[in-house]
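Undergrad: I'd like to go over a predicted model; first the sequence, then the structure.
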Amino acid sequence: MAPEPIAYFRGKILPADQAQVPVMTHALHYGTAVFEGIRGNWNEDEGKIFIFRPLEHFQRFLDGCRILRMSLPHTAEELVQITKDLVQSGGFKEDLYIRPLAFKSEPKVANLKLHELSDDFVIIALPFGRYIDTEVAHCITASWRRMDETMIPPRVKISGLYVNSILAKTDAILAGFDEAILLNQEGHVAEGSGENLFLVKNGGLVTPPLYNNILSGITRDTVIHLAKAELDIPIEERPIGRSELYLADELFLTGTAAHLTPVGELDMRPIADGRVGPITQRLQEFYSDLIRGRNPKYSHWCTAASPN
């Protein structure tokens, strides 16, 4: 029998369905929460799960907490250790998704003052396979625009913000596509509903800059580093027009859940020949080894957990 989802909640490790909160919890009504998505990647040869870049994830997590005036009783390093202990206790021997969530826990409604509300957090670990279940994604440009920095800070994962992504993703799926691409308020390309975006043109990578209201993605940062340091691929961060995507040599999405997902079609237009391009493939292969602890040079990015 496969292991069930588990949680670290209020100092204890317990089945996830036992980590419960009252229906009047502020975050449930107003989206006053911050979350992260972290991958645990199973390495069959070593019999270990490698948690990829957890420190960077928890640093971003705590940044989001600061924005929402939350104070957690742990440092990023302590949260990494808690996560490692949680994963090891679950007996998992498969890929995982790890979900830290900090939230305004006060059982109050009709209160819009963050500084008056208490905080709590939980970390959940559960088996998780492919997020976009296809080799090459077919995408559509969303009618919904990416939220602006002047509305809700987009560089961290604030729960209420993700209604924006959920609307775009739902419309895309119901229309027969795999994913949505959102534009920002100026009409430039922002990102997918849950992923950053890169295009390949003339042998180089182009990706939107952070000031285009995108998430400060950990996988995005990893790809930028690998392109520069390992594969000698030029990279440019600049605003991208929608039609530039149609004319790209390659196009792919990056995210903790999605890994590196090639895009073969956008708005019913093929991207080049619609197949996985050579640069995308090189990055996929390097990244796949990296996240499973197979590259000693980047062992500092992986926290190994052995199932109990």
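TA: Alright, I've got the coordinates.

Undergrad: going forward, measure contacts between C-alpha atoms and count neighbours the same way
TA: Noted.

Undergrad: can you pull out the helices in this structure?
TA: 26-30, 54-67, 76-89, 162-174, 218-229, 242-246, 278-291 (DSSP state H).

Undergrad: spatially, which residue comes closest to residue 169, not counting chain neighbours?
TA: Here the nearest residue to residue 169 in space, its sequence neighbours aside, is residue 180; by CA to CA, 6 or more residues apart in numbering that works out to 5.5 Å.

Undergrad: same check, this time on residue 65
TA: In space, and not counting its chain neighbours, residue 65 is closest to residue 34: 6.4 Å by CA to CA, 6+ apart.

Undergrad: OK, contacts around that neighbour?
TA: Residues in contact with residue 34 (CA atoms under 8 Å, 6 or more residues apart in numbering) are 61, 64, 65, 68, 101, 102, 103, 156, 157, 158, 159.

Undergrad: hmm, try it at 7 Å
TA: Residues in contact with residue 34, defined by CA atoms under 7 Å, 6 or more residues apart in numbering, are 61, 64, 65, 101, 102, 103, 157, 158, 159.

Undergrad: show the pLDDT at it.
TA: Here the pLDDT value assigned to residue 34 is 98.

Undergrad: who does it bridge with?
TA: residue 102, residue 158 (DSSP bridges).

Undergrad: distance of it relative to residue 161?
TA: Separation of residue 34 from residue 161 (CA to CA, to the nearest Å) stands at 10 Å.

Undergrad: re the thing from before, nearest to residue 127, out of the helices of the chain?
TA: Ranking these by proximity to residue 127 (CA to CA) places helix 76-89 first, at 10.5 Å.

Undergrad: quick one: average pLDDT of that closest one?
TA: In this model, helix 76-89 has an average pLDDT of 98.

Undergrad: again with stretch 193-208
TA: Taken as a whole, stretch 193-208 has a mean pLDDT of 98.

Undergrad: try stretch 141-156
TA: Stretch 141-156 shows a mean pLDDT of 95.

Undergrad: and the end-to-end length of it?
TA: Terminal residues of stretch 141-156 lie 22 Å apart, using CA to CA.

Undergrad: need the residues that contact that stretch.
TA: With CA under 7 Å, 6+ apart as the test, stretch 141-156 has contacts from 60, 64, 161, 164, 168, 180-185, 190, 213-216, 267.

Undergrad: residues in contact with residue 128?
TA: 95, 96, 97.

Undergrad: out of these, who's the most crowded?
TA: residue 96 (23 neighbours; other CA atoms under 10 Å).

Undergrad: please look at that residue and residue 37 and confirm they touch.
TA: No - counting by CA atoms under 7 Å, residue 96 does not reach residue 37; the two are 10.2 Å apart.

Undergrad: give me the buried subset of the contacts of stretch 141-156.
TA: Neighbour-count burial (16 or more other CA atoms under 10 Å) applied to the contacts of stretch 141-156 gives 60, 64, 161, 168, 180-184, 190, 213-216.

Undergrad: just send the residues you listed back as CSV, with distance to residue 3 and pLDDT too.
TA: Formatted as CSV, the buried ones among the contacts of stretch 141-156 follow (distance: CA to CA, whole Å; pLDDT from 0 to 100):
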residue, distance to residue 3, pLDDT
60, 29, 98
64, 31, 98
161, 31, 96
168, 32, 98
180, 32, 98
181, 35, 98
182, 36, 98
183, 39, 98
184, 41, 97
190, 37, 98
213, 38, 95
214, 35, 97
215, 32, 97
216, 32, 97
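
Undergrad: need the helices of the chain in TSV with distance to residue 271, can you?
TA: Conversion of those to TSV gives the following (distance: least, CA to CA, whole Å):
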stretch	distance to residue 271
helix 26-30	40
helix 54-67	32
helix 76-89	39
helix 162-174	18
helix 218-229	20
helix 242-246	6
helix 278-291	13
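
Undergrad: what residues does the spatially most central residue of the chain make contact with?
TA: Nearest residue to the geometric centre of the chain (CA atoms, centre = their mean): residue 256, 4.1 Å. If you count contacts by CA under 7 Å, 6+ apart, residue 256 has them with 37, 38, 39, 219.

Undergrad: low-confidence ranges in this protein?
TA: Residues of the chain meeting the criterion pLDDT under 70: 1.

Undergrad: now do 50
TA: Within the chain, no stretch has pLDDT under 50.

Undergrad: walk me through the domains of it.
TA: 6-127, 137-291 (automatic domain parsing).

Undergrad: export these to JSON lines and tack on distance to residue 301?
TA: Formatted as JSON lines, those follow (distance: least, CA to CA, whole Å):
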{"stretch": "domain 6-127", "distance to residue 301": "5"}
{"stretch": "domain 137-291", "distance to residue 301": "8"}
